[in-house]
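1. got a predicted structure here, sequence first:
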Amino acid sequence: MNRNKELAELLFGHITEQPEYYEEKYPARSLPEGAPVTRIGPSPTGFVHLGNLYNAIIGERLAHQNGGTFFLRVEDTDAKREVEGAVELVISAMDFFGIHFDEGATADGDSGSYGPYRQRLRKDIYQCYAKRLVERGMAYPCFCSEQELADMREKQIAGKLNFGYYGKWAKCRDLSFDEIKAKIEAGEPYVLRFRSNGDEKNHVEVFDGIRGTLNVSENYQDFVLLKSDGIPTYHFAHVIDDHLMRTTHVVRGEEWLATLPIHVQLFDTLGFKRPVYCHTAVLMKMDGGTKRKLSKRKDPELGLEYYRSEGYAPKAVWEYLMTVLNSNFEEWRNENPDAPIDEFKFTLEKMSNSGALFDIMKFEDVSREVLLRTPASEIYDEFSKWLREYDPEFYEIFTRDREYSEKILDVGRSGNRPRKDLTSWKQARQFLSFYFPETFKIEDEYPERVSAEDRQEIFKRYLETFDFDDDSSEWFQKIRDITADMGYAVKPKDFKKNPDMYKGSVSDVSSVIRVALTGRTNSPDLWEICHIIGEDEMRARIERA
Ligand code: GLU
């Protein structure tokens, strides 16, 4: 037996399969030519962020709009960062946003023939390929302790040299078989390192589906393949998994660009076909005039849970992310205002490769547009679901009479200048509260220009002249009459021109009635509100005022 084979047996005697076994077990997928296979690979840390959804949408669209497959792989190699229930959390967050996987980890086990889809369950697979690398002389055990590595780094700093484990610094590179054997028998812990023949002066071309052809320096570091517990690093797991799961497009954040040379070196060394990398830009936001990365600590909108608890409609989040993702989306939406978003053809070519700006104001605008296009019955269902979880008291009130509640959702939404009153369920809960006797309250001040006496006079006359059967213009004419009678200007313009001639204008008079009926100085059409809450409730509110 040659030395490498002997070493491979020493390290991985328990591995009996050959890589060929896995190559056969996970054959090329039978999909139409060019159909993408994509995935997300979240780590179960308990925090699912907007970037996860952003990348998931790209992968999902690429696969599902082109006859491909999209799957979920749980990247749980870092047990220290794992929290309980985190896998379920990722799955339910993705489900909430309508992201469906064709295969992968599910709440109860795995589904699909390219699994297991949880990295910790794939230990033997990684070790099988690691063993082959050792046999080929491409990997070796390294026994350097934390302290030795820290000392090495000190010396590298002092000598202004590149950091890392390479060249003459790679102490364990040339240990003899007997030295290794002795250390292993003495129970010394070790990691498995890749033996790199790369040179940083050489460049490698890598194709990126978003950024085009990249020119990266060759990797010259002997990086770690397996940690001391035999679990792979991200680098090794990514290459083995995406090869065996036959991923064609690796969509991931740009933080992986720095280690891309390692990944392509592994693909090439192992003789695997490289995937198309799609490195997405980090999500940024404007903060006091400067752009910065969204931060977990400062920006609640980075966590996906935020959208659920604030009650943003998942499809509003999709719609907004699509405007960020594809530069031609807004134009398409203008031309197809009512088309389901699925009909928009997402492409990598229309993605920008500079920082993606997440603008919460713009997001809210998009959200209002989306809700405006959503039928009241659908809003009713979604909103009720949210209320049941986040505001059970208002849930009881809101769902008491479906017909009534659907009507209030439609107020002001027809005509050519429809109102966009709703942004999120949390905001809707506040906004709609005045329609219900239990939650109605006076929130704003009455207009200053109207004296308390005049206010009472306005109420009195309003009640005297009110007729439920008046149409909107008859109703408003009566308000105008009260206005003129009481010395206010019927045209706000007149009052502006001659403020001394009037006590105020028709807008002050209507505002008095508005505050009494809705509690606010700003509301949808008052005539419509009177007809929705009904004559009795309307009279009761004015009486009380
Ligand atoms: N577990 C990696 C992360 O959460 C996945 C990166 C990838 O998709 O390859 O960043």
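-> Thanks, I have the structure now.

2. and Tyr129, how far is that from Val317?
-> 39 Å (C-beta to C-beta, to the nearest Å). C-beta here means a position set from N, CA and C on the backbone, and glycine is covered the same way.

3. now swap in Val206 and tell me
-> When distance is defined by C-beta to C-beta, Val206 is 32 Å away from Val317.

4. for the residue sitting nearest the centre point of the chain, give me its contacts.
-> To find the centre residue of the chain, average its C-alpha atoms and take the closest one (C-alpha atoms, centre = their mean): that gives Leu50, at 2.7 Å. Residues in contact with Leu50 (C-beta atoms under 8 Å, 6 or more residues apart in numbering) are Leu283, Leu294, Glu301, Leu302, Gly303, Leu304, Phe358.

5. 6 Å instead, please
-> Taking C-beta atoms under 6 Å, 6 or more residues apart in numbering as the definition of contact, the neighbours of Leu50 are Leu283, Leu302.

6. which of the three states applies to the residue in the stretch 151-300 of the chain positioned nearest to the ligand?
-> Each residue of the stretch 151-300 of the chain has a distance to the ligand, by C-beta to the nearest ligand atom, and the smallest belongs to Arg252, at 3.6 Å. Using DSSP: H, G, I helix; E, B strand; the rest coil, the three-state assignment for Arg252 comes out as strand.

7. and it, what pLDDT?
-> pLDDT, Arg252: 97.

8. so how far is Gly115 from it?
-> Distance of Arg252 to Gly115, computed by C-beta to C-beta: 20 Å.

9. name the helix or strand of this structure that has the lowest mean pLDDT.
-> Counting by mean pLDDT, DSSP states H and E, the weakest-scoring helix or strand in the chain turns out to be strand 356-357, with a mean of 87.

10. got a list of what the residue of the stretch 401-545 of the chain found nearest the ligand touches?
-> Using C-beta to the nearest ligand atom, the point where the stretch 401-545 of the chain gets nearest to the ligand is Ser424, with a distance of 27.7 Å. Ser424 makes contact with Glu310, Gly311, Tyr312, according to C-beta under 6 Å, 6+ apart.

11. what helix or strand does the spatially closest residue to Arg539 that is not a sequence neighbour sit in?
-> Excluding the flanking residues, the one nearest Arg539 by C-beta to C-beta, 6 or more residues apart in numbering is Leu463, at 6.4 Å. Following DSSP states H and E, one finds Leu463 within helix 452-465.

12. so how far is that helix off the chain centroid?
-> Between the centre of helix 452-465 and the centre of its host chain there is 52 Å, according to C-alpha atoms, centre = their mean, to the nearest Å.

13. and after that helix, which helix or strand comes next?
-> Using DSSP H and E, the helix or strand that follows helix 452-465 in sequence is helix 472-485.

14. buried residues in the next helix or strand after that next one, which are they?
-> With elements assigned by DSSP H and E, the helix or strand that comes after helix 472-485 is helix 492-497. Within helix 492-497, the residues that count as buried by 16 or more other C-beta atoms under 10 Å are Phe495.

15. can you list contacts of helix 492-497?
-> Residues outside helix 492-497 that contact it (C-beta under 6 Å, 6+ apart) are Ala489, Tyr502, Ser505, Ser507.

16. okay, and which of those map to helices?
-> Cross-referencing the contacts of helix 492-497 with the helices (criterion: DSSP state H) gives Ser507 as the overlap.

17. quick one: which two of the contacts of helix 492-497 are the most distant?
-> Of all pairs drawn from those, the widest gap by C-beta to C-beta lies between Tyr502 and Ser507 and measures 11.5 Å.

18. and these two? Which one has more around it.
-> Tyr502 (23 against 16; other C-beta atoms under 10 Å).

19. tell me the contacts of the more buried one?
-> Counting by C-beta under 6 Å, 6+ apart, the residues that Tyr502 touches are Tyr488, Ala489, Phe495.

20. quick one: the first one from Thr465, how far?
-> In other words, Tyr488. Here Tyr488 is placed at a distance of 16 Å from Thr465 (C-beta to C-beta).

21. same question for the second one.
-> To Thr465, Ala489 is 19 Å away according to C-beta to C-beta.

22. just Glu331 next, same as before
-> Noted for Glu331: a distance of 51 Å to Thr465, by C-beta to C-beta.

23. next, work out how far apart Glu205 and Pro261 are.
-> 11 Å.

24. what's the answer for Ala182, then?
-> Between Ala182 and Pro261 the computed distance is 34 Å (C-beta to C-beta).

25. those two: who's more crowded?
-> Using other C-beta under 10 Å as the criterion, Ala182 and Pro261 rank with Pro261 on top: 24 against 12.
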